[in-house]
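*Asks:* sequence-free structure coming up:
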């Protein structure tokens, strides 16, 4: 078993309270379906961030990821299978999956 970080990018948020409840329900249902594989359900990110370069330069980051989740799976293929049912896709987000290399 390995941990996989799902990075969500783009998409749109709910436009009303009712839509927000539906989105929240969809995420809750997805987390329930994948059950104990959810290590950290994650959270959305704010739209603006900062990037720090090796030379110490700081710049605005406005096109970064929009959120994350961490799941445990047997393989990248299993992590992809979880992602194919993720509600982020319904909001127009893309999902990038990275396997965690547990060196620490």
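*Replies:* Now that the structure is in, tell me what you want to look at. Since the model is a prediction, treat every value here as computed from it, not as a measurement.

*Asks:* okay, CA-based contacts and neighbour counts for the rest of this
*Replies:* Will do.

*Asks:* now the spatially most central residue of the chain, what's its secondary structure?
*Replies:* Among the residues of the chain, the one closest to the centroid is residue 68, at 2.7 Å (CA atoms, centre = their mean). Recorded secondary structure, residue 68: strand (DSSP: H, G, I helix; E, B strand; the rest coil).

*Asks:* which stretches of the chain form helices?
*Replies:* Ranges of helices in the chain, per DSSP state H, are 17-34, 76-83.

*Asks:* quick one: the first one to helix 76-83, angle?
*Replies:* When you say that, I think you mean helix 17-34. Put simply, helix 17-34 runs at 150 degrees to helix 76-83, going by axes from the mean of the first three to the mean of the last three CA atoms, to 10 degrees.

*Asks:* distance between helix 17-34 and the chain's centre?
*Replies:* Centre-to-centre, helix 17-34 and its host chain are 14 Å apart (CA atoms, centre = their mean, to the nearest Å).

*Asks:* Could you list every helix and strand in contact with it?
*Replies:* Helix 17-34 sits against no helix or strand, with contacts defined as 3 or more CA pairs under 8 Å, 6 or more residues apart in numbering; DSSP states H and E.
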